[in-house]
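1. here's my sequence, what's the structure:
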Amino acid sequence: MSSSQTDTPAVSPLAAAIAAADRIDGSLKAFIHRPSSYAAPAGGDGPLAGIPVAVKDLIDTADMPTCYGSRVFEGHRPQQDAWIVARLRAAGAVIFGKTVTTEFAWRDPGATVNPWNPAHTPGGSSSGSAAAVGAGIVDIALGTQTVGSIIRPASYCGACGYKPTYGLIPTEGTHELAGSLDHLGFITSSVYWAAVAHAVIARDGKLAPPASLQAFAAGVKPRKLGVYRSSKWSGVQPEVQQNFDGVLRRLEAQGVQCVPVELGADIAELHELTNGILAYEARAAIAADIAGKEALAGPNIRDLIALGAGISQQQHAAMLARLAALRAARDTAFGELDAILTITSPTTALPGFEKTGDAIFCSPATLLGLPAVTVPSGFSADFLPFGLQMIGRGDQDQALLQTAQWVSTILPRSRPAPLD
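-> Purely as a prediction, here's the structure:
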């Protein structure tokens, strides 16, 4: 190696993120706000020292506007950071900017495009976070998931997504959509960064993060994995089916046993229960926010509130009782399994921007409150990413991440989308 090579100063993660965002975000539209300059974080020597982290616009930041994706809150400035943002700052992270969310994390989309094909949706509701990571601007972005809003957009944008066990991360300072279902989580450039985020944030510093990428690289090879196709498999896009079956063949070639599994109830029931709870609780969470300003809200959020108004308190109580019973038995399906595999969505990223995609295959893990991870698993014929979803036992997030890391080593590697 020449002396000129050794003397070249390394570009900091923050400088690299600024350069990438300046170059491509005009067309990507992942961010609704970035500060004009970046102050050194208080936790300068923390485990995330100097690492830029993008924050979904559903999550409060005291020094940046937080609009929850809605014109109703245009210019809103929270008085304090959300719990997760304060934790990031304490760990030394640089809050890089606020990313686009669908309105109140539901279905009315923002301006973000898919970094692999700007004529396609990036998914929702964590649209900007997924696009910012998929395009290579940042390695970590915050997302929320009430049905499929971390796993699906991460998959669509060629990134990793990690939705922790329900309740593992406090949601204080995050605008509620449905409190019984809302999760905070991460969209990352690799499983390694998801594991770092889990250790530093989800476990609130009680778990040491991986010592290095090299120390985490091997992961932990699973012995036996469940395969969840469900009663909705016939409606899955043939290319998505083929990719999933190809992943199973790779695993079996490595000596991993893959066996069919169910999750205690049919996927249609799980999805219907998810949507019923969500509609009732969304009305309670959002109706007052838009009262008298309905014209500023999108049609999907207005329809959701109207749907919630048709659900009685007694019906909601019955739904919560069913939810409690399902969550109490949620680990029964695992038996000797190290994790359960399924798809992230019945399709790759849809063309156009009216719909953010189908989240039905994300409903089971979200409703049951189980940890879930997605990793890139290849590309379609029109060069849109596929994603493999892995579901773990409740509160066994670290084990799931280690399994996901090993699985990622036998799958096609994904690089940042060549948007520019």
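
2. was I right to think residue 343 contacts residue 359?
-> No. Contact status for residue 343 versus residue 359: not in contact, 11.3 Å apart, counting by CB atoms under 8 Å. For glycine as for every other residue, the C-beta is placed from the backbone atoms N, C-alpha and C.

3. of those two, which one has the most company?
-> Each of residue 343 and residue 359 has its neighbours counted (other CB atoms under 10 Å); residue 343 has more, 29 against 25.

4. how close does the closest residue to residue 73 other than its chain neighbours sit to residue 261?
-> The spatial neighbour of residue 73 that comes closest, neighbours along the chain excluded (CB to CB, 6 or more residues apart in numbering), is residue 67 at 4.4 Å. For residue 67, the distance to residue 261 equals 41 Å [CB to CB, to the nearest Å].

5. what's the span of stretch 22-37, first residue to last?
-> Distance across stretch 22-37, first residue to last, is 13 Å (CA to CA, to the nearest Å).

6. ok now that stretch, how far from the chain's centre?
-> How far stretch 22-37 lies from its chain's middle: 20 Å, per CA atoms, centre = their mean, to the nearest Å.

7. check stretch 68-81 too.
-> Centre to centre, stretch against its chain (CA atoms, centre = their mean), the figure for stretch 68-81 is 21 Å.

8. same check on stretch 235-247?
-> The mean C-alpha position of stretch 235-247 is separated from the chain mean by 21 Å, CA atoms, centre = their mean.

9. any buried residues in it, and which?
-> Burial within stretch 235-247, assessed by neighbour count using 16 or more other CB atoms under 10 Å, is assigned to 236-237, 239-240, 243-244, 247.

10. now stretch 212-225
-> 216, 219-222, 225.

11. now do the same end-to-end measure for stretch 283-301.
-> End-to-end distance (CA to CA), stretch 283-301: 9 Å.

12. what's the pLDDT at residue 6?
-> As predicted, residue 6 sits at a pLDDT of 48.

13. quick one on the thing from earlier: which one of the buried residues of stretch 212-225 sits closest to residue 82?
-> Comparing these against residue 82 with CB to CB places residue 216 closest, at 27.4 Å.

14. give me the phi and psi for the closest residue to the closest one other than its chain neighbours.
-> Spatial nearest neighbour of residue 216, chain neighbours left out: residue 210 (3.8 Å); criterion: CB to CB, 6+ apart. With angles defined as degrees, to the nearest 10, residue 210 sits at phi -50, psi 140.

15. hmm, residue 190 and residue 210 touching each other?
-> No. Counting by CB under 8 Å, residue 210 stays clear of residue 190, with 10.9 Å between them.

16. the two: who's more crowded?
-> residue 190 (22 against 19).

17. so who does the closest residue to the more buried one other than its chain neighbours touch?
-> Leaving aside its chain neighbours, residue 190 sits nearest to residue 160 (6.0 Å; criterion: CB to CB, 6+ apart). Counting by CB atoms under 8 Å, 6 or more residues apart in numbering, residue 160 makes contact with 133, 154, 187-191, 193-194, 373-376, 404, 408.

18. can you give me the strands for the stretch 251-400 of the chain?
-> For the stretch 251-400 of the chain, the strands defined by DSSP state E, counting those that start in this stretch cover 257-260, 339-343, 372-379, 385-391.

19. want to try a markdown table for these, with distance to residue 306 and mean pLDDT as columns?
-> As requested, these are exported to a markdown table (distance: least, CB to CB, whole Å; pLDDT from 0 to 100):
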| stretch | distance to residue 306 | mean pLDDT |
| --- | --- | --- |
| strand 257-260 | 39 | 98 |
| strand 339-343 | 31 | 99 |
| strand 372-379 | 30 | 98 |
| strand 385-391 | 31 | 98 |
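
20. nearest to residue 61, out of the ones you listed?
-> strand 372-379 (26.0 Å).

21. ok now that closest one, how far from the chain's centre?
-> That offset, for strand 372-379, works out to 12 Å (CA atoms, centre = their mean).

22. that strand: partners in the sheet, and parallel or antiparallel?
-> Strand pairing for strand 372-379, determined by DSSP bridges: strand 160-163 (antiparallel), strand 385-391 (antiparallel).

23. elements contacting the longest helix belonging to the chain?
-> Counting residues, the longest helix found in the chain (DSSP state H) is helix 267-290. Contact partners of helix 267-290 among helices and strands, from 3 or more CB pairs under 8 Å, 6 or more residues apart in numbering; DSSP states H and E: helix 299-309, helix 313-328, helix 363-368.

24. neighbouring contacts of the last one?
-> Around helix 363-368, the neighbours that count as contacts under CB under 8 Å, 6+ apart are 145-148, 151, 163, 181, 183, 228, 263, 267, 270-271, 273-274, 323, 326-327, 330, 342, 370-372, 389, 391, 394.

25. would you say residue 415 is within a helix?
-> No. Checked against DSSP: H, G, I helix; E, B strand; the rest coil, residue 415 lies outside a helix; its state is coil.

26. report the separation between it and residue 328.
-> The value you get for residue 415 to residue 328, if CB to CB is used, is 42 Å.

27. re earlier: out of the contacts of helix 363-368, which are buried?
-> Counted by 16+ other CB under 10 Å, the contacts of helix 363-368 give 145-148, 151, 163, 181, 183, 228, 263, 267, 270-271, 273-274, 323, 326-327, 330, 342, 370-372, 389, 391, 394 as buried.

28. okay, residue 208: pLDDT?
-> At residue 208, pLDDT is 83.

29. before we move on, what about residue 205?
-> pLDDT, read off for residue 205, is 66.

30. my guess is residue 153 meets residue 161, correct?
-> Yes. Residue 153 lies in contact with residue 161 (CB under 8 Å); the separation is 7.5 Å.

31. what about these two, which has more around it?
-> Neighbour totals were compared for residue 153 and residue 161, and residue 153 leads with 38 against 35 (other CB under 10 Å).
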